[in-house]
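A.B. asks: A predicted structure for the sequence below; I have some questions about it.
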Amino acid sequence: MMFVAMAVFVVVVAVALVLLMSMAVGAFSAMFTGMRDDRSRRRSERDHARVGASEAVVRPSTDPLGQLADEMRLAQARRWASCQAVQGRLLGPTRPGDPGTSEHLDLALAIWNGGDRRDLERLKTDRVGQVVWTTAMVADSVSRHPAWKLDFFDRHSVRVDLVGEVTAIATAAVGLRDQLAILGDAPAGHLGVDDEVVATFAEKSRLLSGRLDGLVARLEAFADYAQIVARIQQRQDKQAWLDRVSAIDEFEHVVDAEWDRAESDRVRNLADESQVLASIYLDEIAPLAKSLKRRDAA
């Protein structure tokens with residue numbers, strides 16, 4: 001009877017162990033299956049994102065004229081900033097806020113519009129005219145330095161023809177202004193969706209924009225030359241100051257200072273002697289003299 005009970009107990013324990021092992025295997029299998037599915041899902045999402053990004057890079061713009069307009073705006077902003085930076089380095093009466101009488105500005109205006117100064121404000125703000133305006137200001141800045149009259153520039157063949165530079169840049173700018181007017185605004189309507197028209201407009205726009213960039217680069221080089229002239233002026237001013245103060249003879253002033261100190265000591269000694277003599281006179285001689293006068297009177 002005991003053996004039967006033990007056999008039944010062993011069978012029950014074995015069945016329980018089998019059931020527990022089955023449950024554990026099922027749980028681990030479900031867990032690993034979920035992890036595998038999750039990895040597959042994330043891998044699929046990454047692949048999809050890479051494909052989307054690749055397509056975004058490769059896919060051409062659906063609005064080429066809009067893209068071109070953004071490109072031209074950035075280029076114009078860059079040129080405007082360059083002109084403003086050059087103007088900011090100009091000094092004194094050559095600053096663009098107060099041009100006054102300007103030989104080179106008059107020359108630039110004559111080339112730009114026949115010399116009408118009423119068009120001055122529009123010249124300063126025009127996308128092409130700003131280059132002409134700034135060039136004239138740089139030329140005035142150079143010509144107003146007294147050092148510009150030195151023969152140094154001619155002796156070393158480094159003098160720039162200011163009139164020639166203003167004329168060259170202004171003439172090129174006028175040609176670009178006219179070409180931009182011919183190109184006009186972006187094509188619209190049926191022309192705006194014509195591939196050949198859009199491609200031609202983009203090509204010409206970039207061509208003229210690049211030409212404007214070249215003019216600004218020439219202006220910046222001209223401004224760098226003006227800065228060199230300004231530094232030469234500073235050195236000349238320094239040398240003139242040193243030459244002026246060198247007329248002060250240091251040795252002579254040292255000798256005079258020593259003489260002044262000796263005279264001061266002599267005068268101080270005389271003052272001391274005078275004080276002693278005065279005290280003797282007031283304390284002794286003066287009362288005696290007064291007594292003698294009284295006796296004579298008696």
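C.D. replies: Yep, it's here.
A.B. asks: Using the three-state scheme, assign Val158.
C.D. replies: Taken by DSSP: H, G, I helix; E, B strand; the rest coil, the conformation at Val158 corresponds to coil.
A.B. asks: how close does it get to Gly66?
C.D. replies: Val158 is 48 Å from Gly66, where distance means CB to CB, to the nearest Å. (Each C-beta comes from the backbone N, C-alpha and C, glycine too.)
A.B. asks: can you pull out the helices in this structure?
C.D. replies: With DSSP state H, the ranges of helices along the chain come out as 2-58, 64-88, 103-113, 120-125, 129-143, 152-155, 162-183, 195-245, 250-280, 286-297.
A.B. asks: quick one: the second one to helix 195-245, angle?
C.D. replies: This points to helix 64-88. Orientation note: helix 64-88 sits at an angle of 10 degrees relative to helix 195-245 (axes from the mean of the first three to the mean of the last three CA atoms, to 10 degrees).
A.B. asks: Okay, buried residues for helix 64-88 please.
C.D. replies: Pro64, Leu65, Leu68, Met72, Ala75, Arg79, Ser82, Cys83, Val86, Gln87 (16 or more other CB atoms under 10 Å).
A.B. asks: Enumerate every residue touching the third one.
C.D. replies: What that stands for is Leu68. Ala186, Phe201, Ala202, Ser205, Arg206 (CB atoms under 8 Å, 6 or more residues apart in numbering).
A.B. asks: Among the residues you listed, which one has the most neighbours?
C.D. replies: Among these, the one with the most neighbours (other CB atoms under 10 Å) is Phe201, at 21 neighbours.
A.B. asks: Just give the closest residue to that residue, not the sequence neighbours.
C.D. replies: Leaving out its chain neighbours, the residue that sits closest to Phe201 by CB to CB, 6 or more residues apart in numbering is Pro187, at 5.7 Å.
A.B. asks: Enumerate every residue touching the one you found.
C.D. replies: Pro187 makes contact with Leu65, Asp194, Val197, Val198, Phe201, according to CB under 8 Å, 6+ apart.
A.B. asks: Of all pairs in the residues you listed, which one is the farthest apart?
C.D. replies: Leu65 and Asp194 (11.1 Å; CB to CB).
A.B. asks: ok, Asp272 to Ala181 distance?
C.D. replies: 96 Å.
A.B. asks: Kindly report the same for Arg266.
C.D. replies: For Arg266, the distance to Ala181 - CB to CB - is 90 Å.
A.B. asks: same question, Gly210
C.D. replies: Distance from Gly210 to Ala181, counting by CB to CB: 18 Å.
A.B. asks: again, but for Arg211
C.D. replies: 14 Å.
A.B. asks: Equivalent analysis for Arg159, please.
C.D. replies: Distance from Arg159 to Ala181, by CB to CB: 36 Å.
A.B. asks: Who has more neighbours out of the two?
C.D. replies: Legend: neighbour count by other CB under 10 Å for Arg159 and Ala181, higher for Arg159 (15 against 8).
A.B. asks: phi, psi of the more buried one?
C.D. replies: Torsion angles at Arg159 (phi, psi; degrees, to the nearest 10) stand at phi -80, psi 130.
A.B. asks: And for Leu150?
C.D. replies: phi -70, psi 150.
A.B. asks: What of Gly184?
C.D. replies: phi 70, psi -160.
A.B. asks: The one 5 residues further on now?
C.D. replies: Gly189 adopts backbone torsions of phi 70, psi -140, taken as degrees, to the nearest 10.
A.B. asks: where's it relative to Leu65, distance?
C.D. replies: 12 Å.
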